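Participant: Dropping the sequence and predicted coords here.
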Amino acid sequence: MHRSERERRVRQLERWFDEQNAEFDGDAFPPEVQDAWDANTRELEQHRAVLAELDERDAHLRELSLHPSNREHGSDRGHGRRNHRELPGHIRASMDTGLRTIERHQDTLSTRAADALETMVRSTDPHVNAMGFAGRYLDAVADPDYLMAFTKLVADPQSGHLRMTHAEVAALQHVNEMMAERVMNVGTGSAGGFAIPFTLDPTVMLTSSGSVNPIRDLADVEMIATDQWKGVSADTPTAAYAAELTEASDNSPTLVQPIADTQKGQAFIPVSIELSQDWATLQTEMSRLLNDARDQVDATKFLSGVPGSSEPVGILAIGQTGALTTTQRVLTAATNNVAIADVYSLSQAVPPRFYPRATWLFNRSVGDVFYRFVASGSTTEPPIFPEGRNGPLLGKPQREWSTMASTGASGNRIALLGDFSGYKVVDRIGATIEVIPHLFGATNRCPIGARGFYFYWRTGTVVQKPNALRYLELK
């Protein structure tokens, strides 16, 4: 039996003991209950003994990681383990639970998603207000019994619970406890909905939007368990040479604290009752629907979302708090027209620090215009796409962002170039879904044979390093 299964079974047994004690308070147990009590007591003691042995094994491994020879080889694991060991026991246990959950799903998660989840657990759970929430939440929604319970509720919201096993009921109760704790300790949470299971949650999966909306592939994406992300950015301090005994000047950099407030995204997904009954394809269908819903809105809002309007901050919401400004603008030389010289101007505007990791973003139509500037047989200038239409542009990779401007009107921002790690995307862990058992028609207000799924999540964005990016605007 896996460690997490033992831990879940211990919680089930402890609840069973509490229920029996309350039901027969002051009375002797009937023989069948007494027999079950004795058997469950032996099982509980066995599970606790095994878990204690596993804890001792983990402690021994941590001691080995602290051995001086490990640090002498340049490994930073000793430092990480030392900090972990100094945490309170319940926080360590919660973190270990979350990390084991991530490890169990290595075959499902991409490397990037697994790294993001591990970073979140290690950085968030030690905080006083988090109290190890992230690790325990991951463990709860990753329980296979919870996935089965969720499937039955979605397929039949009114009576699905009647077909649940005891383990599925316990798993559902455990997730509900986590959802209630989120409201109390982590910030505003959901009420009345079901947490999306681990294998269906597009936040956990960190699914890329492909060529339509590539920003998640390029931006600095982080998962958080709170409602706000705060960072610190600074300019490079000014250094200089000086004569002997010359007093140093104050070269302190200017510190800036970018803030990303998570905003609620939502989608309503109607599904026929026939489809909801055929849940052999639950994971495929739900993942497809949820990912597509998020991709569609993110493709627009990550580009032009306006803060203060319950939207993530768009990278090109020029002048808005958290977006680029006109300082990062490169204007075309001619009005309502773009020329090859403008492409070079944008390339040359990106600072040297950020140019090595620069990427071009533009609408496909704009890319076609750029491609046709110089014919492949020209002897006057080298082609700016030396490897063809889908190859690098001036030596830097290009990606399509289909919601960017595709026409040549004055004021349109038609291209972005730079290091997109300067744009921060934070996802608050845990998307939620509420099930509406029946949808009704507009004419007679009678059922139409469909259910509705109200899906919502929390995402925030901010340009944390404006100097890393430049955009091309038509004069």
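Facilitator: Structure's in. What do you need?

Participant: Now do the helices in the stretch 251-400 of the chain.
Facilitator: For the stretch 251-400 of the chain, the helices defined by DSSP state H, counting those that start in this stretch cover 273-277, 282-304, 340-349, 364-371.

Participant: Turn those helices into a markdown table, columns for distance to residue 171, mean pLDDT and mean neighbour count.
Facilitator: Yep, even glycine has a C-beta here, placed from its N, CA and C like the rest. Putting the helices of the stretch 251-400 of the chain into a markdown table (distance: least, C-beta to C-beta, whole Å; pLDDT from 0 to 100; neighbours: other C-beta atoms under 10 Å) gives the following:
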| stretch | distance to residue 171 | mean pLDDT | mean neighbour count |
| --- | --- | --- | --- |
| helix 273-277 | 21 | 81 | 14 |
| helix 282-304 | 16 | 84 | 18 |
| helix 340-349 | 53 | 95 | 17 |
| helix 364-371 | 46 | 94 | 18 |
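
Participant: looking at it, residue 456 is touching residue 265, isn't it?
Facilitator: Yes - under the criterion of C-beta atoms under 8 Å, residue 456 is in contact with residue 265, at a separation of 6.5 Å.

Participant: Now do the phi/psi pair for the closest residue to residue 306 other than its chain neighbours.
Facilitator: Leaving aside its chain neighbours, residue 306 sits nearest to residue 317 (5.4 Å; criterion: C-beta to C-beta, 6 or more residues apart in numbering). Dihedral pair for residue 317: phi -80, psi 70, per degrees, to the nearest 10.

Participant: What about residue 317, how many residues nearby?
Facilitator: 23 (other C-beta atoms under 10 Å).

Participant: Use 749 as the first number from now on
Facilitator: With 749 as the first residue, the last one maps to residue 1065.

Participant: can you give me the strands for the protein?
Facilitator: Using DSSP state E, the strands of the chain run over 942-943, 968-972, 976-978, 981-982, 1003-1004, 1007-1009, 1011-1020, 1077-1079, 1107-1110, 1146-1148, 1161-1166, 1171-1184, 1198-1211, 1217-1221.

Participant: Give me whichever of these is most buried.
Facilitator: Mean neighbour count, computed with mean count of other C-beta atoms under 10 Å, is highest for strand 1161-1166 among the strands of the chain, reaching a mean of 26.

Participant: which other residues reach that strand?
Facilitator: 1063-1064, 1066, 1086, 1091, 1094-1095, 1097-1098, 1102, 1106-1111, 1114, 1144, 1149, 1152-1153, 1156, 1216-1222 (C-beta atoms under 8 Å, 6 or more residues apart in numbering).

Participant: Point out where the stretch 1049-1198 of the chain drops to low pLDDT.
Facilitator: Within the stretch 1049-1198 of the chain, the ranges that satisfy pLDDT under 70 run 1123-1126.

Participant: Check the stretch 749-898 of the chain too.
Facilitator: In the stretch 749-898 of the chain, residues with pLDDT under 70: 749-750, 752, 806-836, 875-879.

Participant: go with 80
Facilitator: For the stretch 749-898 of the chain, residues meeting the criterion pLDDT under 80 lie at 749-753, 755-756, 802-840, 856, 858, 860, 872-880.

Participant: What degree of burial does the closest residue to residue 912 other than its chain neighbours show, as a neighbour count?
Facilitator: Nearest residue to residue 912, sequence neighbours excluded (C-beta to C-beta, 6+ apart): residue 897, at 5.5 Å. By other C-beta under 10 Å, 26 other residues sit near residue 897.

Participant: what sits against residue 897?
Facilitator: By C-beta under 8 Å, 6+ apart, the neighbours of residue 897 are 909, 912, 916-917, 919-920.

Participant: Go again with 7 Å.
Facilitator: For residue 897, the contact set (C-beta atoms under 7 Å, 6 or more residues apart in numbering) comprises 912, 916, 919-920.
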